[in-house]
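Novice: Need the 3D shape of this:
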Amino acid sequence: MTTPAPTLLWLRRDLRLDDHPALVAACADGGPVIPVFIHDETVENLGAAPRWRLGLAVADLARQLEDAGSRLILRRGDALAALRDLVAETGAGTVRWTRAYDPEAIARDTGVKTALKGQGIAAHSHPGHVLFEPWTVETKTGGMYRVYTPFWNAVKDRAVPEPQAPPARLPAPGTWPASEQLETWAMDAAMDRGAAVCRPWQRVGAAAARDRLAWFTGGPIADYPTQRDLPAADGTSGLSQNLSLGEISVRRCWHAALRALHDGHAGAEDWLKELAWRDFAYHLIYHTPRLARDNWRGEWDAFPWSRDGDSAQARAWKQGRTGVPFVDAAMREMYVTGTMHNRARMVVASYLTKHLLTHWKIGLDWFADCLTDWDPASNALGWQWAAGSGPDATPYFRVFNPDTQLRKFDPDGAYVRRWIAEGQARPARTALGYFEAVPRRWGLSPQAAYPETPVVGLAEGRRRALDAYENRTF
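Specialist: Okay, here's the model as predicted:
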């Protein structure tokens, strides 16, 4: 009997061995399985922080595969060219991967699948990155959902497959193809000194993600509905960075939350809704790819947002020096940790797009450069929701007041003290970390005075935004 030809397992944002349908299918093919990660144009296009964080995840997965008696083959360049080279080198007859749903990935994957099949190579994409494939959730009339609540009602009682256990073994080829070295890719280069500051805040790899999930669903999830809004509290799952890279599967998270709900933790339902909101973002970006870069509501194309990302106001926002404490604390949290509390994200996005009347794409691109939990669908939906230009958006006339939000959700000022050093006799180490993480060219130090007045006052900014909305031409 002849041994089946090898299968190439093309890994992307599914950097785990647990609950991995494409991996299970590859092992079921019966031949050797060759895991591959390709530093292609989609990786090259990543911002500094997400590319660095991806490199950490790839390194961790390589260690997992070594422990399983396998290895991760690394190649750099065009994805199709790299896969064709590996097919030629290994005699692989099949290529499998986990589906992606953003426009850039769909264009790449469609071209790869068509070309490989034309070459006589079996090419299969598999589920695993979302709970429900976007085309399987339809309204009663057969269309897509544009509003979250009906979407949630449509999926909340759907069966989600139980997570799959990792294969007992990954059959290895007799001879491994050559692999590049991860270090030569210098995926941390654009982070410069920020990498050392940010590294302790990263929860890298499947094991760390599983531990965090167990901790969260074992107790804190019960208080999630209230604790989730407190930026100084450790009241959220903190799994966004792991979910964005597939270090843990959303199906495993879903079932863990269901168990918590059945155990009497009523707050688990709110977290289930957040997991479904993530699916909603992918549902939208799949059906309406313009969500990624253009106003989802076309009538907003005429709105007079500033598109100058280098204006004095935009620079103050980027540097966390607007003179609005909640906004500045949130931006500094992002530079030190690579993430930002969700309540804070809404506030900083509202301030940029409404008080500063700056285009949401300025913020979207900045987050895409600075967040280690960057996700193409969630980032786009979040920014368009806050700006008012997106589906199921916050009412365009709603302008978050950062000071009111701060008094409500950080009444004792713990969040601000944690991240803003200026004016404190003994600043927290976290607050000082901001000055170690940001670019040297900004010329900032904790000895500098904090801005005495906001770059745009809250009352003035609200009035200006409402005037712009009243005079809009749509």
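
Novice: When you work out contacts or count neighbours from here on, use the C-alpha atoms and nothing else.
Specialist: Noted.

Novice: Which stretches in the stretch 301-450 of the chain count as helices?
Specialist: With helices called from DSSP state H, counting those that start in this stretch, the stretch 301-450 of the chain shows them at 312-319, 325-337, 342-350, 360-370, 376-387, 402-409, 414-419, 429-437.

Novice: Equivalent analysis for the stretch 51-200 of the chain, please.
Specialist: Taking DSSP H, counting those that start in this stretch, the helices of the stretch 51-200 of the chain run over residues 79-90, 103-118, 148-155, 194-198.

Novice: Kindly compare burial across these and name the winner.
Specialist: Neighbour counts (mean count of other Cα atoms under 10 Å) averaged over each of these peak at helix 194-198, with a mean of 20.

Novice: Kindly provide the whole-number mean pLDDT of whichever helix or strand comes after that helix.
Specialist: Using DSSP states H and E, the next helix or strand after helix 194-198 towards the C-terminus is helix 206-217. Taken as a whole, helix 206-217 has an average pLDDT of 98.

Novice: mind listing what's buried in helix 206-217?
Specialist: Under the neighbour-count criterion of 16 or more other Cα atoms under 10 Å, helix 206-217 has 206-210, 212-213, 216-217 buried.

Novice: contacts for that helix?
Specialist: Residues from elsewhere that reach helix 206-217 (Cα atoms under 8 Å, 6 or more residues apart in numbering): 15-16, 203, 236-239, 242, 247-248, 253, 256-257, 260, 268.

Novice: Give me the neighbour count for the closest residue to residue 130 other than its chain neighbours.
Specialist: Nearest residue to residue 130, sequence neighbours excluded (Cα to Cα, 6 or more residues apart in numbering): residue 279, at 5.9 Å. Here the number of neighbours of residue 279 (other Cα atoms under 10 Å) works out to 24.

Novice: what sits against residue 279?
Specialist: 130-132, 134.

Novice: any idea how far it lies from residue 233?
Specialist: Distance, residue 279 to residue 233, by Cα to Cα, to the nearest Å: 26 Å.

Novice: for residue 372, same thing?
Specialist: As for residue 372, its distance to residue 233 is 20 Å (criterion: Cα to Cα).

Novice: re earlier: what is the rounded mean pLDDT of the strand or helix carrying the residue nearest to residue 130?
Specialist: Element membership of residue 279, judged by DSSP H and E, is helix 268-287. Averaged across helix 268-287, the pLDDT comes to 98.

Novice: Next, the buried residues of that helix.
Specialist: Result for helix 268-287 [16+ other Cα under 10 Å]: buried residues 268-273, 275-287.

Novice: Check stretch 353-367 too.
Specialist: Under the neighbour-count criterion of 16+ other Cα under 10 Å, stretch 353-367 has 353-364, 367 buried.

Novice: still on that earlier bit, select from the contacts of helix 206-217 every entry located in helices.
Specialist: Within these, membership in helices is found for 242, 253, 256-257, 260, 268, as judged by DSSP state H.

Novice: Report the two of those separated the most.
Specialist: Pairwise distances across these (Cα to Cα) peak at 20.2 Å, for the pair 242 and 260.

Novice: Between those two, point out the one with more neighbours.
Specialist: Using other Cα under 10 Å as the criterion, residue 242 and residue 260 rank with residue 242 on top: 28 against 21.

Novice: on contacts alone, who are the packing partners of the longest strand seen in the chain?
Specialist: The single longest strand within the chain, with elements called by DSSP state E, is strand 33-39. Here strand 33-39 touches strand 7-11, strand 73-76, helix 79-90, going by 3 or more Cα pairs under 8 Å, 6 or more residues apart in numbering; DSSP states H and E.

Novice: can you put the ones you listed in TSV and add mean pLDDT and distance to residue 116?
Specialist: Putting the helices and strands packed on strand 33-39 into TSV (pLDDT from 0 to 100; distance: least, Cα to Cα, whole Å) gives the following:
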stretch	mean pLDDT	distance to residue 116
strand 7-11	98	12
strand 73-76	98	18
helix 79-90	98	8
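
Novice: distance of residue 144 from residue 282?
Specialist: 12 Å.

Novice: Please apply the same query to residue 431.
Specialist: From residue 431 to residue 282 the distance is 35 Å (Cα to Cα).

Novice: Do I have it right that residue 258 meets residue 266?
Specialist: No - with contact defined as Cα atoms under 8 Å, residue 258 does not count as touching residue 266 (10.0 Å).

Novice: about what we covered before: what sits up against the longest strand of the chain?
Specialist: In contact with strand 33-39 (Cα under 8 Å, 6+ apart) are residues 6-12, 26-27, 58, 70-77, 79, 82, 170-173.

Novice: Turn the buried ones among these into a named PyMOL selection, would you?
Specialist: Filtering those down to the buried ones (16+ other Cα under 10 Å) takes a single PyMOL command:
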select buried, resi 6+7+8+9+10+11+12+26+27+58+70+71+72+73+74+75+76+79+82+170+171+172+173
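
Novice: circling back: narrow the contacts of residue 279 to those that are buried.
Specialist: The neighbour count (16+ other Cα under 10 Å) marks 130-132, 134 as buried among the contacts of residue 279.

Novice: Need the residues you listed in JSON lines (columns: distance to residue 464 and pLDDT).
Specialist: Formatted as JSON lines, the buried ones among the contacts of residue 279 follow (distance: Cα to Cα, whole Å; pLDDT from 0 to 100):
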{"residue": "130", "distance to residue 464": "40", "pLDDT": "98"}
{"residue": "131", "distance to residue 464": "41", "pLDDT": "98"}
{"residue": "132", "distance to residue 464": "42", "pLDDT": "97"}
{"residue": "134", "distance to residue 464": "39", "pLDDT": "97"}
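
Novice: closest to residue 91 among the residues you listed?
Specialist: Nearest member of these to residue 91, counting by Cα to Cα, is residue 130, at 31.6 Å.

Novice: Distance check, the residue nearest to residue 130 against residue 464.
Specialist: Taken as Cα to Cα, the span from residue 279 to residue 464 is 35 Å.

Novice: Repeat that for residue 120.
Specialist: Distance, residue 120 to residue 464, using Cα to Cα: 61 Å.

Novice: do the same with residue 397
Specialist: Relative to residue 464, and taking Cα to Cα, residue 397 is found at 11 Å.

Novice: now residue 250
Specialist: Distance from residue 250 to residue 464, by Cα to Cα: 41 Å.

Novice: Compare the two and say which is more crowded by neighbours.
Specialist: Shown here are residue 250 and residue 464; by other Cα under 10 Å, residue 250 has more neighbours (24 against 16).

Novice: Which pLDDT value belongs to that one?
Specialist: 98.

Novice: can you pull the contacts of it?
Specialist: Residues in contact with residue 250 (Cα under 8 Å, 6+ apart) are 128-131, 243, 275.

Novice: got it, and residue 375?
Specialist: If you count contacts by Cα under 8 Å, 6+ apart, residue 375 has them with residue 244.

Novice: coming back round to it: residue 372 and residue 233: who's more crowded?
Specialist: residue 372 (30 against 14).

Novice: The more buried one touches residue 335, doesn't it?
Specialist: No - contact criterion Cα under 8 Å: residue 372 and residue 335 do not qualify, at 9.9 Å.

Novice: so residue 98 touches residue 130, yeah?
Specialist: No - if you go by Cα under 8 Å, residue 98 and residue 130 don't touch, sitting 10.2 Å apart.

Novice: Could you chop the chain up by domain?
Specialist: What automatic domain parsing lists as the domains of the chain is 1-128, 130-159+192-287, 298-470.

Novice: Now do the longest one: distance from first to last residue.
Specialist: Going back to what we said before, that points to domain 298-470. The straight-line separation of the ends of domain 298-470 (Cα to Cα) is 18 Å.
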